[in-house]
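> Pasted the sequence and its predicted model underneath.
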Amino acid sequence: MTNESATVPQQKPPLMKRVTNAVKLAVVPPVGYAVIQALRRTMDWHTEGGEHVSRLFAEGRAVILAFWHAQQLMMPLAIPRLEAHVLISQHRDGELIRRIIARFGLDAVRGSSTRGGAEALRRMIRIGRSGGNLALTPDGPKGPRQIAKVGVVQLARATGCPIIPMAFGCSKKNSSRAGTGSSCPIRSLGALSSWARPFGYRPMRPLTTWSACAGPWKRP
């Protein structure tokens, strides 16, 4: 008796689920974009450490922006008008994020450690070597939270681009703190984006804390 392998056809999701997903893809991105912009208008913004990024841009250097996954919501506002390619997972929620950041002029490279990661890393390397700015969350969507994985180091090694740690924080109190040793006075709701000194892959330390140096970020 011979065993014959049968190929089971992949079933489509139920109609209601497909409709729900289509509605989410159509509605959530514009609403999400509008909410982020509305939050932006309620905040007094202060930036620290931006002079390091300005210097690299003046030199024509491409950079790797690294920020924790939990802080990604406001990052499109922390890097206004910056052309960058953001690593986003291939999960369905990743498609929502891709469509939201596209409204801020940011490109997406799809992939994660569980799906499409190798191809995404190769594409990020090609982009970095050709002079494009890169952005990713070194702790990833599944964590462990605020523990950097080796991917950001591999990316810096392969492209030669410096890593720029970023942090964002906001508070309703009289002072807001973000990163290490950085603060800003605010009147109502305040936000602070911090940029640490750039560093390459060789002297890199684990990204367990963020440091910042005072100074405005001025684009060339």
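The structure has been received and is ready for your questions.

> Any figure for the gap between P76 and M16?
Applying Cβ to Cβ, to the nearest Å, the value for P76 to M16 is 32 Å. Where you see a C-beta, it was placed from the backbone N, CA and C, and this is true even at glycine.

> Beta-bridge partners for the closest residue to I163 other than its chain neighbours, please?
Leaving aside its chain neighbours, I163 sits nearest to I64 (4.8 Å; criterion: Cβ to Cβ, 6 or more residues apart in numbering). Beta bridges link I64 to L134, I163 when assigned by DSSP bridges.

> Tell me, how many residues neighbour I64?
25 (other Cβ atoms under 10 Å).

> Adjust the sequence numbering to begin at 27 for everything that follows.
Sure thing, new numbering starts at 27, so read that last one as I90.

> pretty sure it contacts T185?
Yes. If you go by Cβ atoms under 8 Å, I90 and T185 touch, sitting 7.3 Å apart.

> what do these two both touch?
Common contacts of I90 and T185, defined by Cβ atoms under 8 Å, 6 or more residues apart in numbering, comprise G154, L160.

> follow-up on the earlier one: list the residues that contact the residue nearest to I189.
154, 159-162, 178, 181-182, 185, 187-190.

> Isn't H78 up against I190?
Yes. Checked against Cβ under 8 Å, the pair H78 and I190 is within contact range at 7.1 Å.

> can you count the residues close to G166?
21.

> repeat for L103
L103 - counted by other Cβ under 10 Å - has 17 other residues nearby.

> element containing it, please.
Using DSSP states H and E, L103 sits in helix 101-104.

> C-terminal to that helix, which secondary structure element comes first?
The C-terminal neighbour of helix 101-104 among helices and strands, as given by DSSP H and E, is strand 111-114.

> more neighbours, P102 and M42?
Set P102 next to M42 and count neighbours by other Cβ under 10 Å: P102 wins out with 22 against 8.
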